[in-house]
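[1] Predicted coordinates and the sequence they were generated for:
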Amino acid sequence: MNRWMSALALSLCLCLTACGGPAEERGGQASFLEQAAGLERETALLSVDGREIPAWRYLYWLGCDCDQTAARYEEAGLPLDWETMTENGTLAEAVKEQALADTVLYAVVESWGERYGCAPAEGIKADLPDQGLSEERMAELGRVGGVYAALYQLYDTEGSALAPTAEALAAFGRETGALT
């Protein structure tokens, strides 16, 4: 699986320079990246907590992270070069790693939401970047944001399954050297 992800990442790296520009001009960045990677949207790309993650989710976050990186470089007045070295490899590799981390985070939040019985919190509207996804898929990602808010509420409720005990916090402070 690791080799396959590396091959996918390398092929996506070749087309990262085309990430910029409004989504309308690209026909949706997720679609562009899907075509460049030769993936079908529903192809299971990875598994997190036993949950199959379709390619469209990774490609969505890859598009978002490409756009954010391009915007930061533009704001700083710097030329965007995906081969620029960072502390963790090239800029392209760093963006791909961030997209993978975002994809995994959303899958873990869904799993924890199921585990702890957390439904999306009422009144939470996710403000997600448009990457050419259908309304249904955008709503799916938005619900994950609502589940995160519900998990946070559970964490913030003293005595709940996710609330740390005073002893656990003290132990964490001792182990990490944190001051509380």
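    Thanks, I have the structure now.

[2] Please save the CA atoms from stretch 91-104 in PDB.
    Extracted C-alpha coordinates of stretch 91-104, given in PDB (Å, rounded to 0.1, in the frame of the first residue of the first chain):
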ATOM      1  CA  LEU A  91       7.100  21.400  -0.900                       C
ATOM      2  CA  ALA A  92       5.000  19.000  -3.100                       C
ATOM      3  CA  GLU A  93       5.700  16.200  -0.600                       C
ATOM      4  CA  ALA A  94       4.800  18.300   2.300                       C
ATOM      5  CA  VAL A  95       1.500  19.300   0.700                       C
ATOM      6  CA  LYS A  96       0.700  15.700  -0.100                       C
ATOM      7  CA  GLU A  97       1.500  14.700   3.500                       C
ATOM      8  CA  GLN A  98      -0.800  17.400   4.800                       C
ATOM      9  CA  ALA A  99      -3.600  16.200   2.500                       C
ATOM     10  CA  LEU A 100      -3.100  12.700   3.800                       C
ATOM     11  CA  ALA A 101      -3.200  13.900   7.400                       C
ATOM     12  CA  ASP A 102      -6.400  15.900   6.700                       C
ATOM     13  CA  THR A 103      -8.000  12.800   5.100                       C
ATOM     14  CA  VAL A 104      -7.000  10.600   8.100                       C
END
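
[3] what's the offset of it from the middle of its chain?
    Computed by C-alpha atoms, centre = their mean, to the nearest Å, the chain-centroid distance of stretch 91-104 equals 8 Å.

[4] Then stretch 170-180?
    Put simply, stretch 170-180 sits 29 Å off its chain's centre (C-alpha atoms, centre = their mean).

[5] Buried by neighbour count: which residues of the helix or strand containing Cys66 qualify?
    Assigned by DSSP states H and E, Cys66 belongs to helix 55-76. By neighbour count on 16 or more other C-beta atoms under 10 Å, the buried set for helix 55-76 is 55-67, 69-70, 73. For the C-beta atoms, the positions are set from N, CA and C on the backbone; glycine is no exception.

[6] can you check stretch 137-153 too?
    For stretch 137-153, a neighbour-count test (16+ other C-beta under 10 Å) marks 137-138, 141-151 as buried.

[7] Output these in JSON lines; the columns should cover distance to Ala94 and secondary structure.
    JSON lines is the format used below for those (distance: C-beta to C-beta, whole Å; DSSP: H, G, I helix; E, B strand; the rest coil):
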{"residue": "Arg137", "distance to Ala94": "25", "secondary structure": "helix"}
{"residue": "Met138", "distance to Ala94": "26", "secondary structure": "helix"}
{"residue": "Leu141", "distance to Ala94": "22", "secondary structure": "helix"}
{"residue": "Gly142", "distance to Ala94": "26", "secondary structure": "helix"}
{"residue": "Arg143", "distance to Ala94": "28", "secondary structure": "helix"}
{"residue": "Val144", "distance to Ala94": "23", "secondary structure": "helix"}
{"residue": "Gly145", "distance to Ala94": "24", "secondary structure": "helix"}
{"residue": "Gly146", "distance to Ala94": "29", "secondary structure": "helix"}
{"residue": "Val147", "distance to Ala94": "27", "secondary structure": "helix"}
{"residue": "Tyr148", "distance to Ala94": "24", "secondary structure": "helix"}
{"residue": "Ala149", "distance to Ala94": "28", "secondary structure": "helix"}
{"residue": "Ala150", "distance to Ala94": "31", "secondary structure": "helix"}
{"residue": "Leu151", "distance to Ala94": "27", "secondary structure": "helix"}
